[in-house]
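J.: please work out how this folds:
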Amino acid sequence: MNYSFSRKSSGGSFDESLVNAVWQKGKIVVGYDPNKFRKDWVGCLLD
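T.: Residues are numbered from 1 along each chain as shown. Got it, this is the predicted structure:
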């Protein structure tokens, strides 16, 4: 199975409200544009 981080396991896309909710939970990273980059709860960079 090919895995894509931007797709559900069923192959569909995540809805915009869920993407925004996850983005808002991300921590702002000093030295990075907060509108483009955040970190998740394990420290992985979101973009």
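J.: mind checking how far Lys25 is from Gly11?
T.: 25 Å (C-beta to C-beta, to the nearest Å). For glycine as for every other residue, the C-beta is placed from the backbone atoms N, C-alpha and C.
J.: so for these two, which residue has more residues nearby?
T.: More neighbours surround Lys25 than the other of Lys25 and Gly11, with 11 against 7 (other C-beta atoms under 10 Å).
J.: list the contacts for Ser6?
T.: Applying C-beta atoms under 8 Å, 6 or more residues apart in numbering to Ser6 gives the contacts Ser13, Phe14.
J.: neighbours of the residue nearest to Pro34 when sequence neighbours are not counted, how many?
T.: In space, Pro34 comes closest to Ile28 once its chain neighbours are excluded; the distance is 4.5 Å by C-beta to C-beta, 6 or more residues apart in numbering. Ile28 has 11 neighbours, counted by other C-beta under 10 Å.
J.: outside of stretch 38-47, which residues touch it?
T.: Val22, Trp23, Lys25, Gly26, Lys27, Ile28, Val29, Lys36, Phe37.
J.: likewise for stretch 21-34?
T.: With C-beta under 8 Å, 6+ apart as the test, stretch 21-34 has contacts from Phe37, Arg38, Lys39, Asp40, Trp41, Leu45, Leu46.
J.: apply the buried test to those residues and list what passes.
T.: Arg38, Leu46 (16 or more other C-beta atoms under 10 Å).
J.: and the contacts of stretch 21-34, which is closest to Glu16?
T.: Nearest to Glu16 out of the contacts of stretch 21-34 is Leu46 (C-beta to C-beta; 15.1 Å).
J.: now for the contacts of stretch 21-34, which pair is the farthest apart?
T.: Phe37 and Trp41 (15.2 Å).
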